[in-house]
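**Student:** Need coordinates for the below:
(chains A, B and C)
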Amino acid sequence: MKEYCMRSGLEMYNDLISSINSAVTNANASLISPGEEEVGDSSVLVNPESIFEVMSFLKPLYNGLQVISGVDYTEYIEVCYFLAHFDPENPKDVMIKTRLKDRQDPRLNSISSLYLAANWQERECYDMLGVSFNNHPDHRRILCPDDWEGFPLRRDYKVQEVYRGMKVNPENKMNRDDQLFEDNKQKGNEADLIAWALSKGL
Amino acid sequence: MQTWDMDLEELKEEETSLPGSKLKTELLTVNMGPQHPATHGVLRVEIKTDSEVVAQAIPHIGYLHRCMEKHCEAIDYRGILPFVDRLDYLASMSQELTYSMAVEKMLGTEVPRRATVIRMIISEMQRIASHLMAFGTYALDLGAFSPFLYAFDEREKILTLFEDISGARLLYNYFWIGGVWNDLTDKNVEYIKEFLDNFEPELVKYDRLVSQNRIFQERTMGVGTLSLADAHSFGATGPVLRGSGSAWDLRKVDPYLFYNEVEFDVPVGEGQRGSEIGDCYNRYYVRMLEMVESVKIIRQSLKLLEPGPTLGKVSKVIKIPKGETYTRTECPRGELGIHLVSHGEKTPYRLKVKSPCFTHTSILPHIAPGQMIADFVASIGSIDIVLGEVDR
Amino acid sequence: MRDERLTFFGYFRNIYTAVKSSLIGMWITFRYVWGKKPVTVEYPEVRDVLPDNTRSRLYNDALNCISCNLCAISCPVDCIYISSVPRPKDLEVPKCDDGTPKRQVLTQYVIDTALCCYCGLCTVVCPTECLTHTDDYEYSQYMVEDMKYDYLTDDLIAWRDRIVKT
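**Tutor:** The predicted model follows:
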């Protein structure tokens, strides 16, 4: 199995998973590793209901949250938490994932009371993918305007037609790379077009 | 009257009164708007002030959101390079390096040795250019106009070199997947050596002109202090974390390229010259010391340069096998991370960019209460944000 | 530094260090009055010489183009609009300058320079090197539609003498 572990060996992952499972009851932590034809990093998959307890358990081991990244696979939405320990003598990092099956109203517990970085990262996850976080101190959109409809990074996202009375994608500004411009259409059928081109020496 | 250590619920009432008198005062909401000469881009900060003292600061971002992550799901891997350039447009080479390293890690390509040494030299030159920009604009925010022009004179020499090797001054598309585009000629190497010889006295000059100036020190020492525990909790990296006292540098902890073959120190904020650890002066001073270290690294890397190819073998159509990875490198403003998810096609399934400036902008509501508005301008300048990276 | 108690001696020491450091700074800037050559390039009377591989406005030598569409495929912002028809079988097949036969007849080649991001990816993949970057940078127009360059019109073909080096 091709393995590019995030700077930690497979033994460390197994230790981590068994300690999470013994500390938090309904975590169901398991290892996801790249398979036969796959490359990349390994990660730990936990249950979405237990994410706050898992993070409280991991906080003494990993003192910083780097990023929360959401990916929309069409059957479920996957939220990845990248934790790291910013100590020059003992650096480590890990990726913790959860999968949310409910696409209408996916919910998770917010970890912004544990890691202050989670405040803005969870706001971005809500803005782009629609994942709501319980007990978040400031739950609103961050990059899109506050009254925007829809969640842009979902696979089935269609942009709205009108925003506050303005047309969102007007026709004259859309770029289609198969456009045939007006003077070429006026040259007539294919034979005339070839004759015109040959006259230029093309 | 101390309004800055009141709870948030009391601030929301928007009406306070002096104890024992019938005089009512209010908090005034001021917009440090999207167009402002000192916010380093289109950043809007809503400041609730009590006379000159900031009680609460709420940043609003999204004015430069260009939907890069959604766009990248429809473009092939070579075509994403110009998009990654435009994230932090003042230090483009570092962004390209992270992205190229992420794709090469997934593909398993081997980058030739000469290309890796060139990447290291150019990354460090880019770090010097970016820190010169940060130094110049920081001095400009605080009212000093001359250091800005001196810094830009030196930066112009670096940009001339970059134009010579890649063809563009600011958005290069130079670090390709598998190596670099053009080679460094002998004329370029001579130019770099001459630039470094002229640059070291300039750093001494900046130190005497700005860092030892008592007015500058009074404006930045003790202002915007970020403790080490808070810095870890916010996920701060780069000069912001090193200014708060931690010796965390990704080039030493997890070396990539050839950083384990050169010797350099990691500057840490230790309260030099009477400042507190974690204040604006320390963050600024760490950047100045990093420029000295970069000069050392470039001199040693020029000795490692040997003749050889500059581009490894990459197929015409790049398809990455299924999997995901998270790659991070030390950019001038922090650690840039790229989370790349691929499903075996010509375009990525998801490309998430962890931008250091986004994390650092979330520090502003934490360090703002209790400062005056002029100190707040100094704090924004010291964390050195570029809005292209914050909003993507 | 802010919370120290201000003593009598400290008051005068503050004045001394502030004046001294300001004077050192002013001496550094004062030396620029006579000692330094100005670095300003007085544009537009004086123009900087750009290096050879500078990536500015694109030029396509249409008479050498074989309509392979590689540039349009590799463009990340889709600003190149190409259409071509197959050459009729009874006509003879002309060749480009470097010998490649032109099997297609190019009927439209338009680049929208307002969309172009000057990345250079299209010039790298062109097999006959007819698409190149020039060093023209003064080409602003009043209307955005005028930034669409049709490389088959006569006046753009006439630039060939200035730009294309054999």
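**Student:** Pick out the residue in chain C sitting closest to chain A.
**Tutor:** Nearest residue of chain C to chain A, counting by CB to the nearest CB: residue C:78, 4.0 Å away. In this view, the C-beta of every residue, glycine as well, is placed from N, C-alpha and C.
**Student:** Could you give the average pLDDT over the helix or strand hosting residue B:352?
**Tutor:** Element membership for residue B:352, per DSSP states H and E: strand B:350-354. Mean pLDDT, strand B:350-354: 93.
**Student:** elements contacting the longest helix anywhere in chain A?
**Tutor:** Identified as the longest helix of chain A according to DSSP state H is helix A:10-23. Applying 3 or more CB pairs under 8 Å, 6 or more residues apart in numbering or on different chains; DSSP states H and E, we find helix A:10-23 packed against strand A:30-32, strand A:43-46, helix A:51-58.
**Student:** got a pLDDT number for residue 103?
**Tutor:** Defaulting to chain A. Among the per-residue scores, residue A:103 holds a pLDDT of 86.
**Student:** hmm, I had chain C in mind actually
**Tutor:** Note on residue C:103: pLDDT of 85.
**Student:** Any idea which residue of chain C lies closest to chain B?
**Tutor:** Sorted by distance to chain B under CB to the nearest CB, the residues of chain C start with residue C:76, at 3.5 Å.
**Student:** Give me the secondary structure label for the residue nearest to that residue when sequence neighbours are not counted.
**Tutor:** Distance criterion CB to CB, 6 or more residues apart in numbering or on different chains; nearest residue to residue C:76, sequence neighbours excluded, is residue B:79 at 3.5 Å. Here residue B:79 takes the coil state, with states given by DSSP: H, G, I helix; E, B strand; the rest coil.
**Student:** neighbours around residue B:79, how many?
**Tutor:** For residue B:79, the tally of surrounding residues (other CB atoms under 10 Å in any protein chain shown) stands at 21.
**Student:** what does residue A:154 give?
**Tutor:** As a burial measure, residue A:154 scores 17 neighbours (other CB under 10 Å).
**Student:** Can you name the secondary structure element that comes next after the one helix or strand residue B:122 maps to?
**Tutor:** Assigned by DSSP H and E, residue B:122 falls within helix B:113-141. Per DSSP H and E, the first helix or strand lying C-terminal to helix B:113-141 is helix B:146-166.
**Student:** by how many degrees do that following helix and helix B:113-141 diverge?
**Tutor:** Using axes from the mean of the first three to the mean of the last three CA atoms, to 10 degrees, the inter-axis angle of helix B:146-166 relative to helix B:113-141 is 160 degrees.
**Student:** how distant is helix B:146-166 from the center of its chain?
**Tutor:** 18 Å (CA atoms, centre = their mean, to the nearest Å).
**Student:** Tell me which other helices or strands the longest strand seen in chain C touches.
**Tutor:** For chain C, the longest strand by residue count, based on DSSP state E, is strand C:104-112. Judged by 3+ CB pairs under 8 Å, 6+ apart, the packing partners of strand C:104-112 are helix A:190-200, strand C:58-60, strand C:80-86, strand C:148-150.
**Student:** Send over that strand as PDB, restricted to the C-alpha atoms.
**Tutor:** Taking C-alpha atoms only, strand C:104-112 is exported to PDB below (Å, rounded to 0.1, in the frame of the first residue of the first chain):
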ATOM      1  CA  GLN C 104      -7.000  22.600 -42.000                       C
ATOM      2  CA  VAL C 105      -8.100  25.900 -43.300                       C
ATOM      3  CA  LEU C 106      -8.200  28.500 -40.600                       C
ATOM      4  CA  THR C 107     -11.400  30.500 -40.700                       C
ATOM      5  CA  GLN C 108     -11.400  32.400 -37.400                       C
ATOM      6  CA  TYR C 109      -8.700  33.200 -34.900                       C
ATOM      7  CA  VAL C 110      -9.600  35.700 -32.200                       C
ATOM      8  CA  ILE C 111      -7.900  36.300 -28.900                       C
ATOM      9  CA  ASP C 112      -9.700  38.400 -26.300                       C
END
